[in-house]
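Engineer: just need the structure, nothing else, for what follows:
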Amino acid sequence: MTATWLRIGTRGSPLALAQAHETRRRLMQAHGVVEDAIAIVVIKTTGDMIQDRALSEAGGKGLFTKELDAAQIRGDIDIAVHSGKDLPTILPNELEVAGFLPREDVRDAWISVKYPSPADLPPGAVVGTASLRRGAMLKRLRPDVAVALLRGNVGTRLDKVKAGEFDATLLALAGLRRLGLADRATSALDTRDFLPAVAQGAIGVTTRVGDAATMAKLAPILHADSTIAVTAERAFLRVLDGSCRTPIGGHATVSGGVLAFRGMVLKPDGSQAFECDAGGDAGQAAAIGEAAGHDLLRRMPANLFTTT
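Structural biologist: Residues are numbered from 1 along each chain as shown. Predicted coordinates for the structure are as follows:
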């Protein structure tokens, strides 16, 4: 029997499992260990069990992480693998973000049987999404269409659109690619119109604070520029107290040691939006993101996130 070299904690959704398996493959390649030496431990989360309402009504993105956090703190798992956009900006004191794997395409994918793009929707069309950000950005461009709640895993959402229950939906292109479903995307949406969620397309890995041995195992698979970019985005979100309750987009890129960042906050109905651009030395990623967040806080009205 092969001894367990590392235990990876993950949610049980198809996408979460795909991300855990990608992490295991990268670790196997980096260290030359066999597959059986890296255990994948599936942990059911509260967020997975809530399907009848938006997560913003049930407690936000921490619903996808708290059971994984508890297992990690207990020592039942060594690392936890998360979709970057599901990671709360503040973790329990015992845990830290080790870093992020090389980032996938950050764009939102448009999925529709009949309509090639949001511009092609007829007035009154119904678009399903569980994301306040996507709903607000869609309403900003098309205030004449309806946005309705669409929860469930990726396959469920795709099937409901195919069956005609919704005229369209939007999903992360990265998730479709990781599931081998990229061909189901009707088109990829330009980030100028649909700014992605903070950390979209990035797989985040958390460790226990001070676990140097595990950090050494992870070091070869973490991607510096992806981690820097997401650090800026998460700092921006943290200043705005962003959660599933707030329509916020943020995207940073790193090139030649220089970071460029764009952020946006929107009213849930899309009727107002405030944007910012920032940049500078990539080594100051967190400070750049924080400054951008404070810039928007100064400019936006206090009631921006209310629907009326």
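Engineer: going by C-alpha atoms from here, please, whenever you check contacts or count neighbours.
Structural biologist: Will do.
Engineer: please parse this protein into its domains.
Structural biologist: Listed by automatic domain parsing, the domain ranges of the chain are 1-101+202-222, 108-188, 223-302.
Engineer: those: which one's closest to F194?
Structural biologist: For F194, the closest of the domains of the chain is domain 108-188, at 6.2 Å, according to Cα to Cα.
Engineer: give me the phi and psi for G128.
Structural biologist: phi -100, psi 130 (degrees, to the nearest 10).
Engineer: ugh, typo on my part, it should be P14
Structural biologist: With angles defined as degrees, to the nearest 10, P14 sits at phi -50, psi -40.
Engineer: how many other residues sit next to it?
Structural biologist: 15 (other Cα atoms under 10 Å).
Engineer: cool, L132 as well?
Structural biologist: 25.
Engineer: cool, and the one 5 residues further on?
Structural biologist: When counting by other Cα under 10 Å, one arrives at 28 neighbours for M137.
Engineer: that one sits in which helix or strand?
Structural biologist: helix 132-141 (DSSP states H and E).
Engineer: quick one: the strands in the stretch 101-250 of the chain, in order.
Structural biologist: 108-111, 126-129, 146-149, 168-172, 187-188, 203-208, 248-255 (DSSP state E, counting those that start in this stretch).
Engineer: one step back: buried ones in the helix holding M137?
Structural biologist: Of the residues in helix 132-141, 132-140 count as buried by neighbour count, 16 or more other Cα atoms under 10 Å.
Engineer: tabulate those residues (JSON lines), appending distance to Y115 and pLDDT.
Structural biologist: Compiled in JSON lines, the buried residues of helix 132-141 are given as follows (distance: Cα to Cα, whole Å; pLDDT from 0 to 100):
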{"residue": "L132", "distance to Y115": "21", "pLDDT": "91"}
{"residue": "R133", "distance to Y115": "21", "pLDDT": "94"}
{"residue": "R134", "distance to Y115": "17", "pLDDT": "96"}
{"residue": "G135", "distance to Y115": "17", "pLDDT": "96"}
{"residue": "A136", "distance to Y115": "19", "pLDDT": "96"}
{"residue": "M137", "distance to Y115": "17", "pLDDT": "96"}
{"residue": "L138", "distance to Y115": "14", "pLDDT": "97"}
{"residue": "K139", "distance to Y115": "16", "pLDDT": "97"}
{"residue": "R140", "distance to Y115": "18", "pLDDT": "96"}
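Engineer: from those residues, which two are the most distant?
Structural biologist: Every pair of the buried residues of helix 132-141 checked by Cα to Cα; the farthest is L132 and R140, at 12.0 Å.
Engineer: now for this structure, the helix or strand with the poorest mean pLDDT.
Structural biologist: helix 46-49 (a mean of 54; mean pLDDT, DSSP states H and E).
Engineer: helix or strand right after that one?
Structural biologist: Next along from helix 46-49, by DSSP H and E: helix 66-74.
Engineer: which strands and helices sit next to that next one?
Structural biologist: Judged by 3 or more Cα pairs under 8 Å, 6 or more residues apart in numbering; DSSP states H and E, the packing partners of helix 66-74 are strand 6-10, strand 79-83, strand 203-208.
Engineer: just put the ones you listed in JSON lines and tack on mean pLDDT, mean neighbour count and distance to L170.
Structural biologist: Shown next, in JSON lines, are those (pLDDT from 0 to 100; neighbours: other Cα atoms under 10 Å; distance: least, Cα to Cα, whole Å):
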{"stretch": "strand 6-10", "mean pLDDT": "97", "mean neighbour count": "23", "distance to L170": "24"}
{"stretch": "strand 79-83", "mean pLDDT": "96", "mean neighbour count": "25", "distance to L170": "17"}
{"stretch": "strand 203-208", "mean pLDDT": "98", "mean neighbour count": "25", "distance to L170": "19"}
